[in-house]
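Undergrad: Take a look and give me a structure for this.
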Amino acid sequence: MTGKFRLRWPVDAPPRITQKFGENPQDYAKFGQAGHEGVDFGVPTGANIYACADGEVFDVRPEDGNAYGIHVRVRHRVNGHEYRTVYAHLSSVLVSERQHVRAGERIALAGNTGNSCGPHLHLTLKLVGASTPGYPAGVVDPLPYLEEEEEVPAPSDLTIYPTARLRLRAGPTTSSTQLAWLDRGEPLTVLGDAAAARTRVGQEEQWIRVRRVDGMDGFVAAWYVQLQPPGPAPSEPTPEPAPLETLIVYATEALNVRNGPSIGTSRIAIALPHEPLSAVGDPQAALALVGDRGEWLQVRIPISSFSSGQDGSKGYVAAWYVQTDPGPAPSSLATVYPTEDLNMRRWPTVSANPPVGRLPQGTPLTVHDDPERARVLVGRYDEWLYVETPEGQRGWVAAWYVQLEPPRAAELVPELALAGSLIVYATEALNVRNGPSTGTSRIAIALPHEPLAVVGDPRAALSRLGQWGEWLQVRLPAPSTDSGQGGNKGYVAAWYVQTDPGPAPSPLLTVYPIEDMNMRERPAISGSLVGQPAHNTPLTVHDDPARARVLVGRYDEWLYVETPEGLRGWVAAWYVSQTPT
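TA: Got it, this is the predicted structure:
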């Protein structure tokens, strides 16, 4: 192990390892490996996945036929060494390429994509320049780098009490997994330093590690506990409470409202903690379900919470995420602006027709969701935001057609450019994707000297140049695509293009198939066949030469190449070499 580089656990404590590095060699021999090339953690679909160390996201891959499925790759530079972590088999990704992340920051949700037999997280660690016999270049065993599992502190003599119904969590953050509900006044034994815990009681953003009477350990928000048991209920006689006519509940956090009692049903709205939800049906029966995991409540949403024509519509909320006391109204919600005229829909899908409204470009829309989560979703393909117009109408809009800043007036450009298409150039070797998101499949790589013709209004496109999170649809020049596909369309990140051409890389890398091989339209074995280069055919790699050299010979990596006849497509990097064979 080099230096003092350490990894934090990528899952909530306690980590459950289901397959270690090097295990089950019989299963991995067919891939040319001596055994399992990482560490697997048993977690359910949707569990939080955290960055193991500070670093930069350098690749986000969709489920495009690769063995890892949806996965994230993060680069870490420490003491002159470059490490890389891979988080595989995800259900969704919460970060973008080029984004800097901190150790312990939530970056994804666990899943079961790619070559997976059940929900789990696969973690691979690479040390550039290292070599482990029987494994791809750079792969090393992550386990020695992972922090030792923290020893649970001993119980102290300090007892604290929740001031209200409270979640017990697996870690000291609001995004950590919820372990159980704690009742108001339930005695909790502080674990560890009692004096330090005493100073944190009642303090915002502080957490205390505790143990319940039944032996369950976890963390509680210090600002919801106190040192004395809550006082008894008022002793003066009170009249028998009248039977509830309607039970009003409130979300404990921004909460999805669905059209059925299951997380597998469609979302129809998002309820905020201060918005009253009227339970439908017997109020006493509904009250008995509040807080119970796995139970659902049918509720009626207030008039202001739905689009026109849906006043007071019904939906279902998870009973374990509601309470009978209102929460605080968010101090500020995110505002987004359509990048072009945009449909508002009844549900978060393009098939929700007819639209409930048409929003002009630049209309300010208030996002009714947790502001932090909303900002992460802006610009992401296939994500949706629940918004409210200035007139009070609510509905869903496509997140990939909105931005966080009002559109700027397009700067003056030469009449020649406005008369036809706006031509842009990549600032470096740049992925061209089949959708406006880093989560979509790559279809080509554009080099800095290759012209890309923007599809659509050139003035609107010019206003997005250089803007983080914005995407441009472009037409690739005929020589840059497969035969018969001249001028194919794709999407490029607007923050990596400019109006001036860059230099042509010189020289580009040439590789040679080690046997007759297939060339595909996208980097996946499920991609359509576009050609079959013969053994030792010289193939020019259209990518940064330094990056291309690193990929040659690597399993599950792909190269974008051109044949001597001018045909371009993707070939498996593990079936080519840098010299003829």
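Undergrad: Give me the distance between V201 and A108.
TA: Separation of V201 from A108 (Cβ to Cβ, to the nearest Å) stands at 34 Å. Where you see a C-beta, it was placed from the backbone N, CA and C, and this is true even at glycine.
Undergrad: Which one's more surrounded, these two?
TA: Neighbours were tallied for V201 and for A108 using other Cβ atoms under 10 Å; the higher tally belongs to A108 (24 against 18).
Undergrad: So what sits opposite the more buried one in the bridge?
TA: Counting by DSSP bridges, A108 is bridged to I49, V93.
Undergrad: Now do the end-to-end distance for stretch 68-88.
TA: Using Cα to Cα, to the nearest Å, the end-to-end distance of stretch 68-88 comes out at 5 Å.
Undergrad: What's the mean pLDDT across it?
TA: Averaged across stretch 68-88, the pLDDT comes to 91.
Undergrad: Tell me where the stretch 201-350 of the chain has helices.
TA: For the stretch 201-350 of the chain, the helices defined by DSSP state H, counting those that start in this stretch cover 283-289.
Undergrad: can you give me the strands in it?
TA: According to DSSP state E, counting those that start in this stretch, the stretch 201-350 of the chain carries its strands in the segments 207-211, 217-221, 225-226, 248-251, 255-258, 267-271, 277-279, 296-300, 314-318, 322-323, 335-338, 342-344.
Undergrad: Tell me how far whichever strand or helix holds L121 lies from the chain's centre.
TA: Using DSSP states H and E, the element containing L121 is strand 121-127. Relative to its chain's centre, strand 121-127 lies at 18 Å (Cα atoms, centre = their mean, to the nearest Å).
Undergrad: Then stretch 288-304?
TA: With Cα atoms, centre = their mean as the basis, stretch 288-304 stands 27 Å off its chain's centre.
Undergrad: tell me the domain ranges of the chain?
TA: Using automatic domain parsing, the domain parsing of the chain gives 17-145, 155-226, 248-323, 335-403, 415-498, 510-577.
Undergrad: What I need now is those written out in CSV, including distance to L7 for each item.
TA: Formatted as CSV, the domains of the chain follow (distance: least, Cβ to Cβ, whole Å):
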stretch, distance to L7
domain 17-145, 4
domain 155-226, 16
domain 248-323, 29
domain 335-403, 24
domain 415-498, 24
domain 510-577, 22
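Undergrad: Which one of those domains has the poorest average confidence?
TA: Sorting these by mean pLDDT places domain 415-498 lowest, at a mean of 77.
Undergrad: and V210, how far is that from P144?
TA: Taken as Cβ to Cβ, the span from V210 to P144 is 32 Å.
Undergrad: who's more crowded, those two?
TA: More crowded of V210 and P144, by other Cβ under 10 Å: V210, with 27 against 11.
Undergrad: Just confirm that one contacts A221, I think it does.
TA: No: using Cβ atoms under 8 Å, V210 is not in contact with A221, being 10.9 Å away.
Undergrad: returning to what we had before: need the strands of the stretch 201-350 of the chain in CSV with distance to P545, can you?
TA: As requested, these are exported to CSV (distance: least, Cβ to Cβ, whole Å):
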stretch, distance to P545
strand 207-211, 49
strand 217-221, 49
strand 225-226, 59
strand 248-251, 53
strand 255-258, 47
strand 267-271, 46
strand 277-279, 58
strand 296-300, 56
strand 314-318, 52
strand 322-323, 57
strand 335-338, 40
strand 342-344, 41
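Undergrad: Packed most tightly, which of these would that be?
TA: Among those, strand 267-271 has the highest mean neighbour count (mean count of other Cβ atoms under 10 Å), at a mean of 24.
Undergrad: partner strands of that one, parallel or antiparallel?
TA: Strand 267-271 is paired, per DSSP bridges, with strand 255-258 (antiparallel).
Undergrad: Give me the residues contacting the partner strand.
TA: Contact with strand 255-258 is made by 265-271, 277, 299, 301, 315-318, 321-322, as judged by Cβ atoms under 8 Å, 6 or more residues apart in numbering.
Undergrad: at 10 Å instead, please
TA: 251, 263-273, 275, 277, 296, 299, 301, 305-306, 313-318, 321-322, 348, 369-370, 386 (Cβ atoms under 10 Å, 6 or more residues apart in numbering).
Undergrad: what number of residues lie near T199?
TA: 11.
Undergrad: what about it, is that helix, strand or coil?
TA: helix (DSSP: H, G, I helix; E, B strand; the rest coil).
Undergrad: where do the helices sit along the stretch 51-200 of the chain?
TA: Here the stretch 51-200 of the chain has its helices, by DSSP H, counting those that start in this stretch, at 194-200.
Undergrad: isn't A271 right up against A254?
TA: Yes: contact criterion Cβ atoms under 10 Å: A271 and A254 qualify, at 7.5 Å.
Undergrad: which residues are common contacts for these two?
TA: Common neighbours of A271 and A254, using Cβ under 10 Å, 6+ apart, are 321, 368-369, 386.
Undergrad: can you tell me which of those are in strands?
TA: When DSSP state E is applied, the shared contacts of A271 and A254 are split such that Y386 fall in strands.
Undergrad: Which positions within stretch 276-291 qualify as buried?
TA: Judged by neighbour count (16 or more other Cβ atoms under 10 Å), stretch 276-291 contains these buried residues: 277-280, 283, 286, 289-291.
Undergrad: Good, we can wrap up now.
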